[in-house]
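Participant: Predicted model and sequence below, questions to follow.
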Amino acid sequence: MSYITLDGVSKQYGNVWAVDRVNMAIEKKEFVSLLGPSGSGKTTLLRIIAGLEKPTQGRVLIDGEDVTHLPPHLRGVAMVFQEFLLFPHRTVYENLAFPLRMLKLQKGEIEARVEWALGILSLNGLEKRYPNQLSGGQQQRVALGRGLVGRPKVLLLDEPLANLDRELRQEMEVEIRKHQSALGIPFIYVTHNQEEALSMSDRIAVVRGGRIEDFAARTDIYDRP
Ligand code: ADP
Ligand code: ADP
């Protein structure tokens, strides 16, 4: 039994099948990229796993549980977006604490988890700053931290580095991959950038027209004749 299973998942918008009969099995410690051109269905697939969209057909299983009908906050899933979506009028500390307040954790537990996130993301000393007082990389690290403080079973990332310049992007690729290995949870990473997928992933799912064309170790996909 895989850690995450997509079983015949489809999503129809009007006449368009944005996602079309997708079957996928993802293991617990995998870094998986969904790689495909704009409009191929990557974001829709990610939003279905997150519970932000309901599939027209099919089932989503996470850690042995059928979560198809569960709302996002009961799935143990966190999502990081291209637009960092930080609260501009709240400090770094408050941005990180926010999801934990939603989970109604105790004050001590919230403090401990925010400290942990500040530490692993090298944000120590920045907790009183506001998002506009941070660099792009620091803002993205806060967005990543906000995903991780809730200790999700899986982290979903939708083109999280698309707004960063090339040098910073490469730095963040290494950092994100490091966190995934350390945490031992699957990261599912949406990108249209082949280089990015190649540099980070254990396996790459090539998405086209709502379907998974190929799903294999990166070396298998790009060394084929
Ligand atoms: P990608 O993330 O690969 O760019 P999307 O999942 O955003 O692709 O979109 C896949 C297809 O579904 C596109 O044709 C898009 O226009 C369509 N689509 C996505 N979301 C909606 C929606 N809410 N309503 C109607 N069509 C949508
Ligand atoms: P992305 O490709 O990064 O998802 P888009 O601009 O395509 O960005 O989509 C932004 C939002 O609009 C998403 O929530 C998506 O579901 C929705 N959307 C995308 N295509 C359509 C569409 N054809 N009709 C209605 N909503 C759409």
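Facilitator: In hand now; what should we look at? Ligands and ions are numbered 1, 2, ... in the order given.
Participant: Please save the CA atoms from stretch 92-101 in CSV.
Facilitator: Taking Å, rounded to 0.1, in the frame of the first residue of the first chain, the C-alpha atoms of stretch 92-101 are listed here in CSV:
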residue,chain,number,x,y,z
VAL,A,92,7.2,36.6,10.4
TYR,A,93,6.4,35.1,13.8
GLU,A,94,2.7,35.7,13.4
ASN,A,95,2.7,34.4,9.8
LEU,A,96,4.3,31.2,11.1
ALA,A,97,2.0,30.9,14.1
PHE,A,98,-1.2,31.5,12.2
PRO,A,99,-1.8,27.9,11.0
LEU,A,100,-1.1,26.6,14.5
ARG,A,101,-3.7,29.0,16.0
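Participant: List the buried residues for that stretch?
Facilitator: Across stretch 92-101, burial judged by 16 or more other CB atoms under 10 Å covers 92-100. To be clear about C-beta, it is placed using only N, CA and C from the backbone, and glycine gets the same treatment.
Participant: distance between that stretch and the chain's centre?
Facilitator: 18 Å (CA atoms, centre = their mean, to the nearest Å).
Participant: Now do it: everything it contacts.
Facilitator: 78, 86-87, 90, 109-110, 113-114, 117-118, 123, 126-131, 134, 142, 145-146, 149-150 (CB atoms under 8 Å, 6 or more residues apart in numbering).
Participant: which ones are touching residue 11?
Facilitator: Contacts here follow CB under 8 Å, 6+ apart; on that basis residue 11 touches 17-19, 41, 44-45, 48, 53, 55-56, 210.
Participant: could those residues go into JSON lines alongside pLDDT and distance to ligand 1?
Facilitator: Putting those into JSON lines (pLDDT from 0 to 100; distance: CB to the nearest ligand atom, whole Å) gives the following:
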{"residue": "17", "pLDDT": "97", "distance to ligand 1": "8"}
{"residue": "18", "pLDDT": "98", "distance to ligand 1": "3"}
{"residue": "19", "pLDDT": "98", "distance to ligand 1": "7"}
{"residue": "41", "pLDDT": "98", "distance to ligand 1": "4"}
{"residue": "44", "pLDDT": "98", "distance to ligand 1": "3"}
{"residue": "45", "pLDDT": "98", "distance to ligand 1": "7"}
{"residue": "48", "pLDDT": "98", "distance to ligand 1": "9"}
{"residue": "53", "pLDDT": "97", "distance to ligand 1": "8"}
{"residue": "55", "pLDDT": "98", "distance to ligand 1": "13"}
{"residue": "56", "pLDDT": "98", "distance to ligand 1": "12"}
{"residue": "210", "pLDDT": "98", "distance to ligand 1": "7"}
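Participant: Which of those residues fall within strands?
Facilitator: Using DSSP state E, 17-19 are the members of the contacts of residue 11 that sit in strands.
Participant: near ligand 1, which residues of this structure?
Facilitator: 13, 16, 18, 36, 38-44 (CB under 6 Å from any ligand atom).
Participant: Which residue ranges of the protein form strands?
Facilitator: Using DSSP E, strands in the chain cover 4-13, 16-26, 31-35, 57-62, 65-66, 77-80, 154-158, 187-191, 203-208, 211-217.
Participant: Please consider this matter closed, and thank you.
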